[in-house]
Structures are given as C-alpha cells and as structure tokens.
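**Student:** what follows is a predicted structure for the sequence shown.
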Amino acid sequence: MQPVPLYPLVAVYTVGVLSDWFGIPPVALSYIVCDLIAVQFTFLAVSFIKKHRTVASLSNSLAFPKHSDIVILVALVLGVVLGDSYVLSMRLSREDQWKLVNELVPHYVDGFRSLPNFEIFPKTSQMNYSLYILLAFAISVLTPMIFVVLDTFRKLHQLKQKIAKVNYQRHAEGVICLIVQVATAGLSIAPIIRLGISIIFDHPDAQKVSEFCLAWFSTHSSFNMIALLMFFPPYKMFIKKHTKGMVRLMDGSMSVQLKQFGYDCNALENKPHWSFPANSDMHLMEQVYRSFLDLGSKIITTNTYHFGSTLDQKLDKSEENFEKTCNLLVNLAKEYEGIRIFGSVGTLATFYHDLSEYSGKYMDSPDAETTAFNYFHKILTIFQGKTKIRNLIFETIPSALEATVALDVLEQFPEMKAIFSFTFKKNAHLRHGEHIETILVKLKNSKRIFGIGINCTDPENVLSVLKSVKNLGFPEIFVYPNMGDSRFLSGKTESFDLFDKELVENWVKNGTTAIGGCCGVTENQMRILKKLVDNLNS
C-alpha cells in the first residue's frame, strides 16, 4: 500500500494478493493496517497492566482492578468501529474521485488509469482534524503506559530483597520484553505519524517522505526480532548458546551445603553413609536443593551419590528415600528456568566406605567386575523404575575398568543417557594409573554417552585432561573440581581463592560446557565462580 500526496488530493494505491486476487479495496486495506496496529497496542497495554497487577499483588500495593482489561478491550472495539466509520464517511464515490483527478491533476489521469486499485481523498480541514485527533489519541495512550511501566519497575525494585532472585529476574525480563515490543511497535507507527504531519503541512517532498515511510514501516518485523535478540535475556541466551557456546553453572559440594543447614556428614551416626541419610529429611533436602537453584545453578545432581554405601547393610527405607529425593528435585526444578537434572550414580568405592575412589585398587580384585556390574545395575534399576530422571552422571570414576563395566550396564537401560565423570591425578591419568585416552574412544562410540566429566580432581590437574578430551567432540564436558587434593585429604578448611578468571577461562577455551564444585568447595567459592561464569557469558 502506497500513500500518494497530490495536494489538494491524497491518494492511496495497493498491489499484492489481497487487492489483486481478492479485490479488496485500498480503503479496506487501510482499515486492516490501522486496526491491526490498534489491536497490537491494546494487547500490549493489557499485558503491561496484567504484569503490573501481578507485581502489585506480590508487594501488597495498589493495583489495577481486574475489570480494567475488559474496559480497554471494549474501548478497542468502539475505537475501531468509530474510526473505520469516520474514515468511511470521508470516502468519495468512484465517479467523484475521477472528477477530482480531472479537475485538479489532469496530467495524472493516465497514471491513475494504469492502477488497478486506488482510492482518492480530498485534502480538507476535516482530514487535518482527523490527523490531529489521531496524534492526540496516541499521546493519551502512551502517557499512562509509561506511568504503568515506571510504577512496575518501582514495585519490582521494592520486591527485589523479598522474593527469590530467579523470580525477580523472571518478572524483570517480562517487563523488558514488553518494553521492547512497545518500542518496536512505536517505530512502526512513527512513519505513519510522520506522513500525517507531512500531509497536514503540505510538505513539498511528501511523495519522497511517503516512500521512505513505507520502507520504514516494512522493517518492523526485522526491528522487533533484532531488539529481542539484543535486550530480551532468553533470546540472548539462545544466541550465545548456539554461537560461542554458553558455559553453565553446576551445583557445588553436597556435603558442604548440607553442613550449612545443620547436617554434618562427619557425625558418627552419618559417617558410614556420608550424605545419603540426609534424604530422610525432605525439608532439609529442599533447603539444600533450593540453595543451589537460587544461586543460579543450571545443572544440579540428586543426593544419591552415596546410596551405594547402604547396599551392604540394606538400610530401612533407603530406596524409598532415594525415590523421594529424586522426585523432590524434579518438582523443585519446575519453579526455575533452564534447569537440567542429573541422577547421581556414585562410584563403586562408596560401597567400601574407605575413600578408595582415590586409588581405584578395589577394581584389581578377582570378582571386581561382577561386583561392579551388580552395583551399577541395582542403582540404574531404581532410577528407571522409581523416578522420572533419565539423564545420569556416573561420578568420581577412578579407573578405566570400572567405566567399562558401568558402560556395559548402561547399555542395558536404553531409556538412560549419561555423562561419565572421572577423578584424576596429574597429566590426565586416572587415580588408578591409566591415561584417560584408554577409555575415551569406547565412550565416544556409545550412543548412551553424551559427555565427559572431571570431578573430585585438583584444579591444577584439570587442564591436561581437557586437552586430551576436547578434540573428540563430546557435546558436554563438565568440570567440578575439589578444593585441592592436599587440602581435602588433610582436612584443611581455611578460606582461599579456589577459582580465578584465568583458570576458568582456560577451562572454557578448552571445551568446558559447565563448571561447579565437588568435595570441600564452599558456598562463598561457588558465588565467586558464579560471577566468573556470568562475566564469561556477558
């Protein structure tokens, strides 16, 4: 549709499917364009009011009444009907249109005859008044909308310290998205207003202005998408994830976090089974899981790593607590965005209660493979039969043989996929002594494996492993080191800087997709890691 100012006439001609194929006249197409713009702004206004109402309800402050939505929608219908009727009243018959052309612009007669669809309006004071009214209406709508936006942000700021950070971000992102939509919609209506001003003041280059405004109007969709990609966090995250690769924050040490909430894994009654008995208290586990989620962890594991330590004694309700803790985490994760849950499968070493994951020597015994097979089979049977979790992470594997047995078991559970996470000495050698390359090809060829992990490993020993792994193309590489072998094994607990910018950047440059913490890593150290990860993703 092309407006054509020919003072004292204003003409509109149209081309395209609607006019050429279906014979829809230009005046009707003008209605459609203006009405759609009105509908867009109306629903944006309703969305702002709904968001304002939600935030106001959280802060127990004054909010728009619920019936205001209906009032706005009724106003839209009345405005569209009255506006269309008013424009229709200014329409001339085809005979009168040709008379005006012959009288006022006779040199354009042949040009108009070549157009299949056109409409002519006389430029009168009535048209000018209409444009003034339209401009005043736009200002009257925009002004309260600005007030609603500012008041919504004010209320959100008051709530910042009262609601979970993730919930605050969700509301803030919603408001930002609406602002972007209004801004881009404003860009689309601006050329129409500019054209109206040109017509009111008889601008001598109004034809060029109309062509420019038409081109401007047609860029609305592109502007809208670009603005969303620039300012709306979910779109930004999507682009980062599929371009440079976005590193995610994992959870931290389960034992350290449990201690924050009063559960000591080293207590006499807990020590044989370490963190697993905490699952008998779902309130405690909710606090622990939620603390990781509120910190910003996007990858979180179930508190089932030490379930294997209960198999030798068959503790009462151990399987029941296994199921409960998994289901609890699944339900909690629904309250947050972008969370990925992994069922934790602990190394066979947990069965022996002796820290033998730091040597892997138990795999040298004659019946080790059978024991390991039965151990992993039991755990995967529970995951498949009693939980909804289908992504697993086999953690702290110290030897290639244990990984091979675990893989054999995994192949018997086609619903399950997994990441295999190993614990290392120096120079990419497993705790048992073999180099990681002895098992990598077998893991890469398995359809059940989609990633490699490095956990319970001294941070100084991580980079050499990454250099051995990164070229194999695993979709995921998780790194969650301990506090340092010497510190952890000696029981040192003093505060120190575990993560730094250079260390984390090197891990990411060498293929790491997620970073977290393992044994001994404190909540303060995880907060430092969170800032480093956020800076890398910004």
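**Tutor:** Now that the structure is in, tell me what you want to look at.

**Student:** mind listing the helices for the stretch 401-538 of the chain?
**Tutor:** Applying DSSP state H, counting those that start in this stretch to the stretch 401-538 of the chain gives helices spanning 437-444, 462-469, 485-490, 501-509, 523-537.

**Student:** the longest one to helix 501-509, inter-axis angle?
**Tutor:** In this structure, helix 523-537 runs at an angle of 60 degrees to helix 501-509, with axes from the mean of the first three to the mean of the last three Cα atoms, to 10 degrees as the basis.

**Student:** list the buried residues in helix 523-537.
**Tutor:** 523, 525-526, 528-530, 532-533, 536-537 (16 or more other Cβ atoms under 10 Å). C-betas here are computed from N, CA, C, even on glycine.

**Student:** just the fourth one next, same as before
**Tutor:** For helix 501-509, a neighbour-count test (16+ other Cβ under 10 Å) marks 503-504, 507-508 as buried.

**Student:** with the second one instead?
**Tutor:** Judged by neighbour count (16+ other Cβ under 10 Å), helix 462-469 contains these buried residues: 462-466, 468-469.

**Student:** and residue 139, what pLDDT?
**Tutor:** With respect to pLDDT, residue 139 scores 75.

**Student:** can you tell me the closest non-neighbouring residue to residue 414?
**Tutor:** residue 448 (7.9 Å; Cβ to Cβ, 6 or more residues apart in numbering).

**Student:** residues touching that neighbour, list them.
**Tutor:** By Cβ atoms under 8 Å, 6 or more residues apart in numbering, residue 448 lies in contact with 407, 410-411, 414, 416-418.

**Student:** by neighbour count, which of those residues wins?
**Tutor:** When neighbours are taken as other Cβ atoms under 10 Å, the top entry among these is residue 418 (25 neighbours).

**Student:** show me the contacts for the closest residue to that one other than its chain neighbours.
**Tutor:** What sits nearest to residue 418 in space, not counting adjacent residues and going by Cβ to Cβ, 6+ apart, is residue 392, at 4.2 Å. Counting by Cβ under 8 Å, 6+ apart, residue 392 touches 342-345, 380, 383, 410, 416-419.

**Student:** just those now: which is nearest residue 64?
**Tutor:** residue 342 (43.1 Å; Cβ to Cβ).

**Student:** where's the residue lying closest to the closest one once chain neighbours are set aside, which helix or strand?
**Tutor:** Nearest non-adjacent residue to residue 342, counting by Cβ to Cβ, 6+ apart: residue 393, 4.2 Å away. Per DSSP states H and E: residue 393 is located in strand 391-397.

**Student:** quick one: buried residues of stretch 287-300?
**Tutor:** 287-293, 295-300.

**Student:** let's verify residue 43: helix, strand, or coil?
**Tutor:** With DSSP: H, G, I helix; E, B strand; the rest coil as the basis, the three-state label of residue 43 is helix.

**Student:** likewise residue 145?
**Tutor:** Here residue 145 is helix, with the state taken from three-state DSSP.

**Student:** now do the contacts for the nearest residue to it once chain neighbours are set aside.
**Tutor:** The spatially closest residue to residue 145, leaving aside those adjacent along the chain, is residue 45, at 5.8 Å (Cβ to Cβ, 6+ apart). The contact partners of residue 45, taken as Cβ under 8 Å, 6+ apart, are 72, 141, 145, 148.

**Student:** please repeat the previous calculation with a cut-off of 10 Å.
**Tutor:** Neighbouring residues of residue 45 by Cβ atoms under 10 Å, 6 or more residues apart in numbering: 68-69, 72-73, 75-76, 141-142, 144-145, 148, 178, 182.
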